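K.L.:
what shape does this take:
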Amino acid sequence: MISQLSSCSNKKTNIEPNEQSILPQDKHIISVFQTEGWGNTEKAVALINEYANKINLKVKIKRTVIKTDADVKKYKFIGSPTIRINGLDLDPKARDTKGFGFTWRLMNWTQGASATEKMLNNAFIEAGWI
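P.N.:
The predicted structure is shown next:
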């Protein structure tokens, strides 16, 4: 498993204390779990950053590459990309799934920014970020 942080241009988040110690307090954490080589992950991350910038919300994207079955179980990985805000899946319909594994997720990333922005906006409101 490989983790990487990227930032984009304000309230507190529910993150682990060890993560909190390495990040500025004015950042919101979005976790992106992915397998290597899945092209929609990059588009998803770009759209998250674009929307956060559009609404002037400071976020940090924590990326984790899923490489093993142990990673799948540990992170309850339901497909690439799995995007969580405050620990909740971006797609409310996927939150109760028990089907974990190496697979791909087809979301609205390819259907234009409006559907994605609505999903992100709802998730940011639910998290209390906006």
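K.L.:
what's the residue closest to the geometric middle of the protein?
P.N.:
Ile83 (2.9 Å; Cα atoms, centre = their mean).
K.L.:
quick one, what contacts that one?
P.N.:
By Cβ atoms under 8 Å, 6 or more residues apart in numbering, the residues touching Ile83 are Ile30, Ser31, Val32, Phe33, Ala44, Ile48, Asp89, Leu90. Yep, even glycine has a C-beta here, placed from its N, CA and C like the rest.
K.L.:
for it, phi and psi?
P.N.:
phi -120, psi 120 (degrees, to the nearest 10).
K.L.:
which residues of this structure score low on pLDDT?
P.N.:
Along the chain, segments meeting pLDDT under 70 span 1-26, 39, 104, 106-115.
K.L.:
in CSV, list the contacts of Ile83 along with neighbour count and secondary structure.
P.N.:
Rendered in CSV, the data for the contacts of Ile83 read as follows (neighbours: other Cβ atoms under 10 Å; DSSP: H, G, I helix; E, B strand; the rest coil):
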residue, neighbour count, secondary structure
Ile30, 27, strand
Ser31, 21, strand
Val32, 21, strand
Phe33, 24, strand
Ala44, 24, helix
Ile48, 25, helix
Asp89, 19, strand
Leu90, 23, coil
